[in-house]
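[1] No sequence on hand, only this structure:
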């Protein structure tokens, strides 16, 4: 059985199950949501070290509690391995301190078979944290739900919309609800004022469900987000699958935790339904 081993457990988040459970549950309990539509079809969540991005990610996952999903597709950026397309992990399990998370092999195969954009490149997943940082929340909020992990290489328009095509086609033909999860941090290492201006562009396009507008913004200014391409794919796919509304649930930056506002990373949580 194909097994993806945890890469950043014990460094980016606790590898002790009791400690990790307590931290995730604390973040979720503190996330206070306004009324949103149900069921949620997609969320956007950040992927930094848990102490920094966890309080924001908790808003997205709290919204996903009542998604009614029977599988989740995770799309994040590749930070370490450059390649074209989006690499899928097609079967087996992903290890987590909170227990193995199974891969929905049938859904993965359907996505992969639909588009040449989707490739099988295991090395792209080896060190990558963008999807692994979602697992502490997935295991607590969506226990027992299988996943399909996808990391995107070069975040071109062709790849982002090509993946959206594959996701829409495969999910629309699947029985049961599928939750789409886009993993992305926003601007990196700007001062807080500059970061807020850059990040506001992303927030505006997400709330408008405007995948094409977000893609144009990213093409003009890549500093907006590290996972802009994955957000474009998820926004476009979920819009085609019937979503009509999106809402930014929380926004913060790393300086809210570190106290250093001179060089921050932006974080957003959003729900789409």
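    That came through fine. Predicted model, so just to flag it, every value in this text is computed and none were measured.
[2] Show me where this structure has its helices.
    Per DSSP state H, the chain has helices spanning 17-30, 50-64, 105-114, 123-126, 135-141, 157-172, 192-207, 211-220, 228-240, 255-258. These are given in chain order.
[3] Pick out the residue nearest the middle of the chain.
    In the chain, the residue lying closest to the centroid (CA atoms, centre = their mean) is residue 183, at 2.2 Å.
[4] which residues does that residue contact?
    By CB atoms under 8 Å, 6 or more residues apart in numbering, the residues touching residue 183 are 44-47, 74-77, 130-131, 133-134, 227, 230. In this view, the C-beta of every residue, glycine as well, is placed from N, C-alpha and C.
[5] got it, and residue 27?
    Residues touching residue 27, when contacts are defined by CB under 8 Å, 6+ apart, comprise 54-55, 57-58.
[6] Repeat that for residue 44.
    Remark: with contacts taken as CB under 8 Å, 6+ apart, residue 44 is in contact with 60, 181-184, 206, 231, 234, 268-270, 272.
[7] Just list the residues touching the closest residue to residue 146 other than its chain neighbours, thanks.
    For residue 146, ignoring the flanking residues on the chain, the nearest one in space by CB to CB, 6 or more residues apart in numbering is residue 104 at 3.9 Å. Residue 104 makes contacts with 71, 146-148, as judged by CB under 8 Å, 6+ apart.
[8] Check residue 239 too.
    Contacts here follow CB under 8 Å, 6+ apart; on that basis residue 239 touches 209, 211.
[9] My guess is residue 119 contacts residue 90. True?
    No - with contact defined as CB atoms under 8 Å, residue 119 and residue 90 do not form a contacting pair (10.4 Å).
[10] Comparing the two, which shows the higher neighbour count?
    Remark: of residue 119 and residue 90, residue 90 carries more neighbours, 19 against 16, as counted by other CB atoms under 10 Å.
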